[in-house]
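Colleague: What follows is a predicted protein model with its sequence.
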Amino acid sequence: MPTDDVTLSDVYAARQRIAGVALRTPLMHSPALSERAGAEVHLKLESLQNTGSFKLRGATNKLLSLSEEEKARGVITVSSGNHGRAVAYAARSLGIKATVCLAETVARNKLENIKKLGPEVVVQGKGYDEAVEHSMKIQEKSGLTYLHPFDDPVVIAGQGTVGLEIVESLPEVDSVLVPLSGGGLISGVALAMKAANPGIRVIGVTMEAAPVMYHSLKAGEIVEMEEEPTIADALPGGLGPENFYTFRMCQELLDDAVLVSEEEIAAAMAFALQEHRLVVEGGAAVGIAAAMQQRAGDLGERAAVVVSGSNVDLPLLLKIAQEHGAAN
């Protein structure tokens, strides 16, 4: 287990640090999903988190860890939407000036929710990776403190608090399905849960459309891919040429990584809405999709699925629900 960069102590410290901002979210048993998956499945509802996603945990932990000088300079970050909203929310509560860079492909609802929180918003780049390049150019000129959305030990520790809550609520958990993108969430969750029980299976789930981390793990090295449109709009994007933490942690801690199709993601979103009245965005529904399709192999007797966010455009969600009927 990689203990040199992120430790279990870091995760516990993060939980204490963010307690006044981020919620402890429910772990809800889903009888309907359990029947489909062949295991007792529980949903970790980060979709009910303040700002609508788990990203608030890591962003808050990072902002509260900055020096007074770094806070005074202000911060800049890049995001596909959820991290940007989390940074804007936490920065406003702490009185820190924030700049959020987004790609032109950002979902309209996510863009509007970020703007409401008052940061400087920069929309530049045809995709996430181009937005990253533009944000780094701004940082070099401005001297703002750069907040990496996933490849940062302090951010990873913050996301790891999700794993702590799962093992505390369900100590006998055998496996966990976690959305897989840049790896910040699953690295932290895996670190915390395997510290409690190394036998817990940690399975990353991502979309079929240009899944960079998935193919990087299969190749044993970081690969580059052209972004493709996907309903899981929180998950696309590359790992960057200088990934220091998440790729290695995923290599060491993940037991498996699986893919789900656009149709399966949409069906999972409809399933969550119809069975549990839960609003779940595409990137957050991938674990539900994998469980529905029994894509992740033997889950053991009890499994947890991290439902990572709810920031979906409501007309899109209603359209999906109508098209999928009973989500069969």
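Modeller: Cool, the structure landed. Numbering: from 1, shown residues only.
Colleague: average pLDDT for stretch 181-188?
Modeller: The average pLDDT within stretch 181-188 is 97.
Colleague: again, but for stretch 120-136
Modeller: Regarding stretch 120-136, the rounded mean pLDDT is 90.
Colleague: Also stretch 319-328?
Modeller: 77.
Colleague: cool, stretch 234-243 as well?
Modeller: On average, stretch 234-243 scores 87.
Colleague: Equivalent analysis for stretch 49-57, please.
Modeller: For stretch 49-57, mean pLDDT rounds to 96.
Colleague: now do the same end-to-end measure for that stretch.
Modeller: Distance across stretch 49-57, first residue to last, is 9 Å (C-alpha to C-alpha, to the nearest Å).
Colleague: and after the helix or strand of the chain with the lowest mean pLDDT, which helix or strand comes next?
Modeller: The helix or strand of the chain with the lowest confidence, counting by mean pLDDT, DSSP states H and E, is helix 128-142 at a mean of 89. Remark: after helix 128-142, the chain's next helix or strand is strand 145-147, criterion DSSP states H and E.
Colleague: circling back to that earlier point, can you give me the offset of the least confident helix or strand of the chain from its chain's centre?
Modeller: Its chain's C-alpha centre lies 21 Å from the corresponding centre of helix 128-142 when counted by C-alpha atoms, centre = their mean, to the nearest Å.
Colleague: Kindly report the same for stretch 189-207.
Modeller: 14 Å.
Colleague: do the same with stretch 215-227
Modeller: From the chain centre to the centre of stretch 215-227 is a distance of 19 Å (C-alpha atoms, centre = their mean).
Colleague: how long is it from one end to the other?
Modeller: The straight-line separation of the ends of stretch 215-227 (C-alpha to C-alpha) is 13 Å.
Colleague: hmm, who's touching that stretch?
Modeller: The contact list for stretch 215-227, computed with C-beta atoms under 8 Å, 6 or more residues apart in numbering, reads 105, 127-129, 204, 210-212, 236-239, 241, 243, 247, 250-251, 254, 257. Every residue, glycine included, has its C-beta placed from N, CA and C.
Colleague: circling back to that earlier point, tell me which strands and helices the least confident helix or strand of the chain is in contact with?
Modeller: The contact analysis (3 or more C-beta pairs under 8 Å, 6 or more residues apart in numbering; DSSP states H and E) places helix 128-142 against strand 75-79, strand 98-102, strand 120-123, strand 145-147.
Colleague: CA atoms only for that helix - export them in CSV, please.
Modeller: Extracted in CSV, the C-alpha atoms of helix 128-142 (Å, rounded to 0.1, in the frame of the first residue of the first chain):
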residue,chain,number,x,y,z
TYR,A,128,-11.0,19.1,-20.7
ASP,A,129,-7.4,18.7,-21.6
GLU,A,130,-7.3,22.0,-23.5
ALA,A,131,-8.9,23.7,-20.5
VAL,A,132,-6.1,22.3,-18.4
GLU,A,133,-3.5,23.8,-20.6
HIS,A,134,-5.2,27.2,-20.5
SER,A,135,-5.6,27.1,-16.7
MET,A,136,-1.9,26.5,-16.3
LYS,A,137,-1.0,29.4,-18.6
ILE,A,138,-3.2,31.7,-16.5
GLN,A,139,-1.6,30.4,-13.3
GLU,A,140,1.9,31.0,-14.6
LYS,A,141,1.0,34.7,-15.4
SER,A,142,-1.1,35.4,-12.3
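Colleague: Among the helices and strands packed on helix 128-142, single out whichever gets nearest to residue 195.
Modeller: Among these, the nearest to residue 195 by C-beta to C-beta is strand 145-147 (25.7 Å).
Colleague: pLDDT on whichever helix or strand comes after that closest one, on average?
Modeller: Next helix or strand after strand 145-147 toward the C-terminus (DSSP H and E): helix 153-169. Mean pLDDT, computed over helix 153-169, is 98.
Colleague: Counting by contacts, list what helix 153-169 packs against.
Modeller: helix 8-18, strand 27-29, strand 40-45, helix 55-65, helix 184-196, strand 302-307.
Colleague: Next, the angle helix 8-18 makes with it.
Modeller: Following axes from the mean of the first three to the mean of the last three C-alpha atoms, to 10 degrees, one obtains 90 degrees for the angle between helix 153-169 and helix 8-18.
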